[in-house]
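Colleague: Output the structure for:
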Amino acid sequence: MVVGTTCGRRDTGQRGTRGAAKDPVRSKAEAMRRARTIVRRYCTQNRLRYMWTFTYRGDGEHDLRKVRRDVERLLVSVRATYGKAFPYLWVPELHKTEHGIHVHMGVPFFFDQSVLAKLWGRGFVWCSDKKPKGAAAFVGYQLAARYLSKYLGKAFETAEFGCHRYERAQGYEITVERTIRHDMDDGREYAEQRFGFPVVFEWSSDSSEEWRGPPVVVLFFAGPAPDE
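Modeller: Numbering: from 1, shown residues only. The predicted structure follows:
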């Protein structure tokens, strides 16, 4: 469970605007921070630790609308092969060279790379597990989120992408549970009783220079993961 924003249908990271921002630089920074927060929470909630990267052969593909259609067709094929729907989040990366757009996607399960390459059929495919050997599962979710956030930052720097900076699956909400406790120690004790596992890692917003919201502390618990 993650404290965050709920998501419904396929989310593109797009927000409507009623006019020009008074401070475009600050607005862009805030939008990037919100998007990275969603990516971090979504990866953790849905255990996205396996990363897929897709490229196009030859001169590459430079039309994001075409890339989106290709990825949607791929996801249909993967779901049919895998046997069920699954959460995912992907970010496009426009190379500064002539290689066109690459796609970086997080998923919660292992999938044979040779099968994936055949289903993609448009270029090279790379698959990797972001969880280091011997590490807790949540470390893999964190590293996957960091990996995707890196390319998300590039997407914010690329005007050609417009507002479509990421895509995520529908129906995999980030669940929210709110409670009011007396202090941090009381909150930690409540959380440990609520989840039934000890805290194995703690993150504080004080450690992030980019954080612009109210103070936040995130606790990670050593619970069982279904993909282990």
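Colleague: Per the annotation, how does the chain divide into domains?
Modeller: If you go by automatic domain parsing, the domain ranges for the chain are 24-178, 181-228.
Colleague: how about CSV for those, with mean neighbour count added?
Modeller: C-beta: built from backbone N, CA, C; applies to glycine. Shown next, in CSV, are the domains of the chain (neighbours: other CB atoms under 10 Å):
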stretch, mean neighbour count
domain 24-178, 17
domain 181-228, 12
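Colleague: worst average pLDDT in the ones you listed?
Modeller: Across those, domain 181-228 has the smallest mean pLDDT, namely a mean of 78.
Colleague: From Asp206, how far out is Pro214?
Modeller: To Asp206, Pro214 is 12 Å away according to CB to CB, to the nearest Å.
Colleague: and what of Leu74?
Modeller: Leu74 sits 41 Å away from Asp206, going by CB to CB.
Colleague: ok, now Ser128?
Modeller: Distance, Ser128 to Asp206, using CB to CB: 31 Å.
Colleague: ok, now which ones touch the residue nearest the centre of the chain?
Modeller: The centre of the chain sits closest to Val39, judged by CA atoms, centre = their mean, with a distance of 3.5 Å. For Val39, the contacting residues are 89, 91, 145, 148-149, 152, 166, by CB atoms under 8 Å, 6 or more residues apart in numbering.
Colleague: redo that, cut-off 6 Å
Modeller: Neighbour list for Val39: 145, 148-149 [criterion: CB atoms under 6 Å, 6 or more residues apart in numbering].
Colleague: What residues does Tyr141 make contact with?
Modeller: 43-44, 47, 49.
Colleague: ok but it is inside a strand, no?
Modeller: No - according to DSSP: H, G, I helix; E, B strand; the rest coil, Tyr141 belongs to no strand; its state is helix.
Colleague: In three-state terms, label the residue of the chain positioned farthest from its centre for me.
Modeller: Relative to the centre of the chain, the most outlying C-alpha is that of His182, 32.4 Å out, by CA atoms, centre = their mean. Secondary structure, three-state DSSP: His182 is coil.
Colleague: Mind telling me what element Asp59 is part of?
Modeller: Under DSSP states H and E, no helix or strand contains Asp59.
Colleague: distance of it from His99?
Modeller: Separation of Asp59 from His99 (CB to CB): 8 Å.
Colleague: cool, and Asp185?
Modeller: For Asp185 relative to His99 (CB to CB), the value is 52 Å.
Colleague: Lys131 too?
Modeller: 29 Å.
Colleague: My read is that Tyr50 contacts Met105, right?
Modeller: No - counting by CB atoms under 6 Å, Tyr50 sits too far from Met105 to count as a contact (9.0 Å).
Colleague: Please compute how far the helix or strand hosting Lys28 lies from its chain's middle.
Modeller: Element membership of Lys28, judged by DSSP H and E, is helix 24-45. Distance of helix 24-45 from its chain centroid, counting by CA atoms, centre = their mean, to the nearest Å, is 10 Å.
Colleague: The chain: strands as residue ranges?
Modeller: 50-54, 89-94, 101-107, 125-129, 167-168, 199-204, 217-221 (DSSP state E).
Colleague: Using PDB, write out every CA atom in the last one.
Modeller: Once side chains and other backbone atoms are set aside, the C-alpha atoms of strand 217-221 remain, and they are given as PDB (Å, rounded to 0.1, in the frame of the first residue of the first chain):
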ATOM      1  CA  VAL A 217       8.400  10.000   5.500                       C
ATOM      2  CA  VAL A 218       8.000   6.800   3.600                       C
ATOM      3  CA  LEU A 219       8.400   3.400   5.400                       C
ATOM      4  CA  PHE A 220       9.200   0.200   3.500                       C
ATOM      5  CA  PHE A 221       8.200  -3.100   5.100                       C
END
